[in-house]
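> Sequence first, predicted coordinates after that:
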Amino acid sequence: MRQALVIGVVAGSGYGLIALGLVLVYKSSGIFNFAQGEFGTVAVFALWGAHSAGVPYGVAMLLGLGAALASGLVTERFVVRPLFAAPRVTLLVATAGVSLFAIGAELWLGHSQLRFVAPALGRLDRMSVFGFHVSDQRLLVIATLVALAVAGAAFFARTNLGLAVLGLSQNPLATELMGISAERLSRFTWGTAAVLGGLGGILSAPLAGGFGPGFVTLSSLIPAFTAAVLGGMNSLPGALVGGIVVGVAESVTVSSPLFSEHVPGAPSVVVFALLVAVLTFRPQGLLGPRSGLAAPAERAR
Amino acid sequence: MSRKYRRSAALVMTLLLAGACGQKPSTIRDSAAARAKEFQYEAPAEPSDEGHAGVATPADAGVAAPEPAAPDSAAAPPAQPIGDGNAPVLGLPAPASTPAASGPLRPTRSRQAAATASDTSSSEPPSAPAATPASGRPAPSEREQATSGPVPPPSPPREAIEGPPDRTGVSDTTIRIGIHAPVTGAAPFPQHAFEQSNDLYWKFLAEKGGVHGRKVEVVFRDDKYNPSSAVQACREMVEEQKVFAIIGFAGADQITACARYADSVNVPYFSGGVNEEGLAGLNRYFAISQTYDQQSATLAKLMKNRIGKTKVAIVVIASPSLNNTVKSITSEVLRAGGLQIVRSSRIGKYASDAELLSEAQQLRNSGADVVYILAAPIPFIKLATNAQAQGYHPTWVGPGTTNGLAVVAEAGCPSVEGAKFLSPFPQLDVIDALDPDYKASFRRWVGPNPDDVGILMWGLNKSIHQMLEATGRDLSRQSFLKAVTSGRVFHSNVYPDVSYDSTIRFGAKTAHLLEADCTTRSWKTTGRFVADF
């Protein structure tokens, strides 16, 4: 059981990293961003392409993040901004469309092929917790998640830019009347979310053993969405907590002989049941404020 | 948030989560029913390690009682020569009442019936077919198979062979064949390699005059490693592309779904061997290499006699189609003697990071030296990578097809070092000895570097060619089925020899043995057409 808890924290951190970008977009614009995973996949492809061409790993990582940033900005400019006045459901479907388009483009340009990238940090047994070896790459994921969740929470609570983003999400007209550019803020939000997605993809791809078109969407988007909802869609630290809760629920389920041997798909079922329970008894999520149940932009309407 | 928006988001989440579970509610229900039934079976005591959590005994793993060992299995030759239609069966006595019992071929269909018979606590072999299924009748559902006793062996309906000739997909100059494979999803075949070599054999053959003067056209579709998409692809190939027959390359659930659809519309369907559950009983389905169940005995002997380690773990994808395969490998491992199952588990088709990390840790804790793995390449590679990160290096073994592709060794090394998989096709290191035309043809029509995906396609198409050749110039689905089920041995020297008759749809008896060599990040063919170790 202790090992299961450690594994849950380690694996859940990866989900939390993707969930951060989901929460950021939702918090600032009220959109469930189904393209978040593909920002990560684009970054991984760019990292792989650059590193395979002989670019040093660190530079290739930056190029990957740049590719994610570019895909986020393109999505914002050509999909989100033209539809920003449309109902949120329309934007939800539009981001799902972006995701499908990106997977198609990855298939077209990169072909369906299993590829692999080396980890940024190679040591596999940096530390052992209850007999479970935690690698440097896993520690990097955890540290990045914690740092970003704390920084994100501080950004919204303590900076003017953060307040402006929140203001835009709650009342775009009033925010613009205060002289704040809604376009620039929207660009900032989507660019940041895309970089978070890229970071999640780049750090998790080496742990996955291989990647292909749609890698992050297929492997992490559902757990990340679940983590974001569990933690509270308006809370960046909630994404961290939600990711870990999902990871722990899955690992404890797998560790139980009853489930692993006799119930097909048990981890997903348990996570789903957990999600339903949390939404029933605490609809705002584990760390979300009571008012956080509603999407900010929709509240303003 | 508006109620409408919240509802839509909840709906999308629910659908995606349900998809992530990889189970339809009905299949989970059916699987649970089958499980419940399995637990009613009381198996004879077998050696097991009760000291380990997750230890599988025949009873708790839902395993059919091990059949008595073959009277003289030790006398069986270590490897079957090509074209030997008299290879002894590995400890699987043929039911005397089936027509094949006296013939040269193993009545592999009987395993399904035997397993079902075990479920009803009967040790008697299945009886002869009670009735010929009607044309186009869908195969019995898993629930029906689990509850209605022995399934009668299939035999092609009379109208399938003797009715008015159905020449769909056949013209005076061409034969159109459909192929589906998981290009995307958890078992991605290299798409480019597929596209460039899926008709390579037919190009080679066209220069030699084709099949009785006809050229073969190939229609290829991605089934996305998803049964619904697979049926959609097959339906499109049948209804719009008007293919003569369909070939499925890999993916148990996709092949099962498409084969059932093809059978319902009277289209011959061939695939690499996968599960038997859900496919046994289909009149127009033919496995062109050994099924997972058929490979179980060979793999058990491989573990015992070649690898020489004793603690075995079994990890299989959580698909209802593979329930019998779990029974089969568990039974064969226990029957082999000297092997001990220390863990038996099922992992999700799209297993998450947490699931695979936990599974790797559980395997390590179990102390398994050998892990039988039946999973798509991505979960397998992830699991092996996670195991390596924990300082755990078991020998991975399993049935093929997809895990024997070079890309798995390339991506999985060094975690998969020494892994051993049975495979219907050999690797590049021996293909020249088996078929010198392959590399030359590849270099002529595709490019300078022949690959193993090309061998996979080449060998399978070559086997299909043998069947078309045997049918003759007067080609219809009826005449084709008649030729295929004639009992004749189809010999490609790349894929194993296969032979079918009115009861046998799983007609291969051998496979190649591949071993991962991480110094070259590739598979080496360490056994050709093997059936025993």
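Looks like it arrived, so ask away. Numbering: from 1, shown residues only, chains lettered A, B, ... in the order given.
> residue boundaries of the helices in the stretch 151-300 of chain A?
With DSSP state H, counting those that start in this stretch, the ranges of helices along the stretch 151-300 of chain A come out as A:160-170, A:172-177, A:182-208, A:215-216, A:222-231, A:236-255, A:257-262, A:266-281, A:296-300.
> weakest of those helices by average pLDDT?
When mean pLDDT is averaged over each of the helices of the stretch 151-300 of chain A, helix A:296-300 scores lowest at a mean of 47.
> Remind me which helix or strand the residue nearest to B:Pro394 when sequence neighbours are not counted belongs to.
The shortest distance from B:Pro394 to any residue other than its chain neighbours is 4.6 Å, reached at B:Val371 (CB to CB, 6 or more residues apart in numbering or on different chains). From N, CA and C alone the C-beta is placed, and that goes for glycine too. Under the criterion of DSSP states H and E, B:Val371 resides in strand B:370-374.
> tell me the most buried of the helices of the stretch 151-300 of chain A?
helix A:222-231 (a mean of 30; mean count of other CB atoms under 10 Å in any protein chain shown).
> which secondary structure elements does it contact?
Secondary-structure packing of helix A:222-231 (3 or more CB pairs under 8 Å, 6 or more residues apart in numbering or on different chains; DSSP states H and E): helix A:2-29, helix A:236-255, helix A:266-281, helix B:3-21.
> how much does the helix or strand harbouring B:Leu334 deviate in direction from strand B:370-374?
Per DSSP H and E, B:Leu334 falls inside helix B:323-336. The directions of helix B:323-336 and strand B:370-374 differ by 160 degrees, with axes from the mean of the first three to the mean of the last three CA atoms, to 10 degrees as the criterion.
> In terms of secondary structure, what does helix B:323-336 contact?
Counting contacts by 3+ CB pairs under 8 Å, 6+ apart, the secondary-structure elements packed against helix B:323-336 are helix B:25-40, helix B:109-119, helix B:292-301, strand B:311-317, strand B:340-347, strand B:370-374.
> now the helices of the stretch 151-300 of chain A in a markdown table, with distance to A:Leu140?
Converted to a markdown table, those look like this (distance: least, CB to CB, whole Å):
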| stretch | distance to A:Leu140 |
| --- | --- |
| helix A:160-170 | 26 |
| helix A:172-177 | 37 |
| helix A:182-208 | 6 |
| helix A:215-216 | 17 |
| helix A:222-231 | 18 |
| helix A:236-255 | 15 |
| helix A:257-262 | 29 |
| helix A:266-281 | 25 |
| helix A:296-300 | 32 |
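> So which of those helices is nearest B:Ser171?
Taking CB to CB as the measure, these were each checked against B:Ser171, and helix A:215-216 came out nearest at 42.6 Å.
> Please list the outside residues in contact with that closest one.
Helix A:215-216 has contacts (CB atoms under 8 Å, 6 or more residues apart in numbering or on different chains) with A:18, A:37-41, A:44, A:197, A:200-201, A:204-205, A:208.
> can you rerun that using 7 Å?
By CB atoms under 7 Å, 6 or more residues apart in numbering or on different chains, the surrounding residues in contact with helix A:215-216 are A:Ile18, A:Gly37, A:Glu38, A:Gly40, A:Thr41, A:Val44, A:Gly200, A:Gly201, A:Ala205.
> which stretch of helix or strand covers the residue nearest to A:Leu218 when sequence neighbours are not counted?
Here the nearest residue to A:Leu218 in space, its sequence neighbours aside, is B:Tyr350; by CB to CB, 6+ apart that works out to 6.8 Å. Counting by DSSP H and E, no helix or strand carries B:Tyr350.
> State the mean pLDDT of stretch B:366-379.
pLDDT averaged over stretch B:366-379 gives 92.
> next one: stretch B:211-222
Computed over stretch B:211-222, the mean pLDDT rounds to 91.
> what do you get for stretch A:22-30?
Within the predicted structure, the mean pLDDT of stretch A:22-30 is 88.
> And for it, what's in contact with it?
Where contact means CB under 7 Å, 6+ apart, the residues beyond stretch A:22-30 that reach it are A:31-33, A:36, A:88, A:152, A:165, A:168-169, A:186, A:189-190, A:192-193, A:196, A:224-225, A:228, A:233-236, A:238-239, A:295-298.
> Compute the number of surrounding residues for the residue nearest to B:Thr256 when sequence neighbours are not counted.
Excluding its sequence neighbours, the residue lying closest to B:Thr256 (CB to CB, 6+ apart) is B:Gly278, at 4.4 Å. A count of nearby residues for B:Gly278, using other CB atoms under 10 Å in any protein chain shown, gives 28.
> B:Pro164 too?
Per other CB under 10 Å, the neighbour tally for B:Pro164 reads 8.
> Leaving out chain neighbours, which residue sits closest to A:Leu148?
Across the structure, with CB to CB, 6+ apart as the measure, the residue nearest A:Leu148 apart from its sequence neighbours is A:Leu20 (5.7 Å).
> If I look at B:Glu236, what pLDDT would I see?
For B:Glu236, pLDDT reads 96.
> Equivalent analysis for B:Gly136, please.
32.
> Ok, B:Val151 next?
42.
> And the residue nearest to A:Leu148, how close does it get to chain B?
Computed as CB to the nearest CB, to the nearest Å, the A:Leu20 to chain B distance reads 16 Å.
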